[in-house]
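>>> Could you work out the structure for the sequence below:
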Amino acid sequence: MMQRSITPKKRQRINTTSSSVNATIDPGFNHRDTTAVSTSLPRRNSFLSPILGGFNDVSTADVLLRLFLEDSDASSSTEDFSDEVQVYLHSSVLCKAKYFSTLLSDRWCKDDRNTVMKLNLGVSLTTGSLRSHLIVLQLLYADDLSSEIVSVSFAVSILHVAVKLLFEDCVKQCLRFLEAVPWNEEEEELIVNLMPILSEDESNELLARVISSRSDSCEQMLHNLLISAKQNHPNVAPVKAFVARLLREFSSRESARRVLENAFLMSLKVVKGSLEEYSSPDFRGDHNETEAIQRLNLHTALTNGKHLMWILERMIELRVADVAVKEWSEQASFAADLQRAFQDDAWRNIVPGLPTVVLKCTSKLASAVVSGSILVSRQVRMKLVKDWLPVLIVCKDNASPVLPSHKHALHSPMSLYLELEETFLRIISTLPMDDAQELLQQCLSFSTRDSEDCPHLITAFNTWFRRATRPPLPTLFS
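Purely as a prediction, here's the structure:
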């Protein structure tokens, strides 16, 4: 008996777990006189049934391979059979795998036609089960691998073994199949875990599916979704509802914050620019052309104002609207343009809903401040009321109280004005006495026909007077 130890050729750019291999040629063993298959597999494993002239055919085989579990603590319950199995194979077929080709290379120099080479191959459960090794050995006999590899789970189960045995055709077919078909989440994790054993060229196509080449790809996707939601889709409401859900469920709130802040600033810039051009028109051209441009400016302001309001709703929902509140409180010139626009009657027939959109944006931000979901400084709260209170007063003074009959009273402009009045008064109650005094004096227009019609205003003044008449408190050091 001649014994030799051969180290199999390693696959480039991979890190596989080494297996125990021992090759023995026994000249006294005549495989053609043997009639039984040596295996510890139960008979129910029909995939080990001998194939005449092929897999596990003892009458024609010249290699006896013993597969055994290397892991001493491995439970046999993970397999359908015990911890080892022997199978009869053919060296001419095994050489399709470079692992065996190297292992058997010395044999071609000798006349060993009547001997069987005995090989031992250790199996680590980290590189595949006994079953997956046996399946790959069967695939060495397959004429068409594409007809054998027909599911993701099957390809994943044998890929590690195919890589370990350097069965290149099988590796290529597995990768080709995995690249072309969809995966579920569980399958994806299994495939990602296989990446380290693949070469760079082999893993590129699979990695491209699960790893973005851009570090900001998520934010870019969210940005594009916000732009899509802004477009005039036939069913814009479902589109916006879907994007809103994606934003709620997105894992990184900071990324969502940056995307929403950028979208808010862009929409605000468009609305401000449109109102500025409307408030300061260029009359040097034709009158009809100027009027058309003015109408376009108002429509642009309304369209982008609606999108701006939707963005603010998303920011408030995610509690990332602090920058928006601060920015809204610094719009003195924008508020002035709105006052000039709403004092003119031209907007009534062009964009009657524009004041409502602007005040809803203000109301949503102010309500978030009052509720405490957005915490901003005293200066920001002061400027928010100071700049937008005049806009509320102008809208209230110039708005028509007549409403379409199909609209519910709760959605009327007057209900919005009352809601914003109450919100502003509550913000004023959070300010120092001197600041509150200055702003409360500008709120007298909140009263309408008589004092009984404005309980919110009465309450605000009563609160201020109660505080103003409070006796000084003793200081800590008095």
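>>> residue ranges for the strands of the stretch 351-478 of the chain, please.
Secondary structure of the stretch 351-478 of the chain (DSSP state E, counting those that start in this stretch): no strands present.
>>> Enumerate the positions of stretch 126-137 that are buried.
By neighbour count on 16 or more other C-beta atoms under 10 Å, the buried set for stretch 126-137 is 127, 128, 129, 130, 131, 132, 133, 134, 135, 136, 137. Using the backbone N, CA and C atoms, a C-beta is placed for each residue, glycine as well.
>>> Next one: residue 280, what pLDDT does it get?
Looking at residue 280, its pLDDT reads 78.
>>> hmm, I was thinking of residue 76
46.
>>> repeat for the one 5 residues further on
Per-residue confidence for residue 81 comes out at a pLDDT of 56.
>>> Show me what secondary structure element comes after the helix ranked longest in the chain.
The longest helix of the chain (DSSP state H) is helix 287-317. Using DSSP states H and E, the helix or strand that follows helix 287-317 in sequence is helix 322-328.
>>> packing partners for that following helix?
Here helix 322-328 touches helix 253-279, helix 354-371, helix 378-398, going by 3 or more C-beta pairs under 8 Å, 6 or more residues apart in numbering; DSSP states H and E.
>>> and the next element down the chain from that helix?
helix 332-343.
>>> if we look at that next one, which residues are touching it?
271-272, 275-276, 278-279, 298, 347, 354-355, 358, 387-388, 390-391, 394-395, 398 (C-beta atoms under 8 Å, 6 or more residues apart in numbering).
>>> Could you pull up the mean pLDDT of the next helix or strand after it?
Once helix 332-343 ends, the next helix or strand along the chain (criterion: DSSP H and E) is helix 346-350. Confidence for helix 346-350, expressed as mean pLDDT, is 84.
>>> Packing partners of helix 346-350?
Using 3+ C-beta pairs under 8 Å, 6+ apart, helix 346-350 is in contact with helix 287-317.
>>> All the helices of the stretch 101-250 of the chain, in order from the start?
130-139, 152-164, 168-180, 185-194, 200-210, 217-230, 236-249 (DSSP state H, counting those that start in this stretch).
>>> of all the ones you listed, which lies closest to residue 425?
helix 236-249 (30.7 Å; C-beta to C-beta).
>>> What helices and strands are in contact with the closest one?
helix 217-230, helix 287-317.
>>> Columns distance to residue 469 on top of those, output as JSON lines?
Output for the helices and strands packed on helix 236-249, formatted as JSON lines (distance: least, C-beta to C-beta, whole Å):
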{"stretch": "helix 217-230", "distance to residue 469": "51"}
{"stretch": "helix 287-317", "distance to residue 469": "37"}
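>>> Quick one: closest of those to residue 119.
helix 217-230 (48.4 Å).
>>> Let me see the residues that make contact with that closest one.
Contacts made with helix 217-230 from outside it, assessed by C-beta under 8 Å, 6+ apart, are listed as 212, 214, 236, 239-240, 243, 246-247, 250, 252, 255-256, 258-260, 262-263, 267, 307, 310-311.
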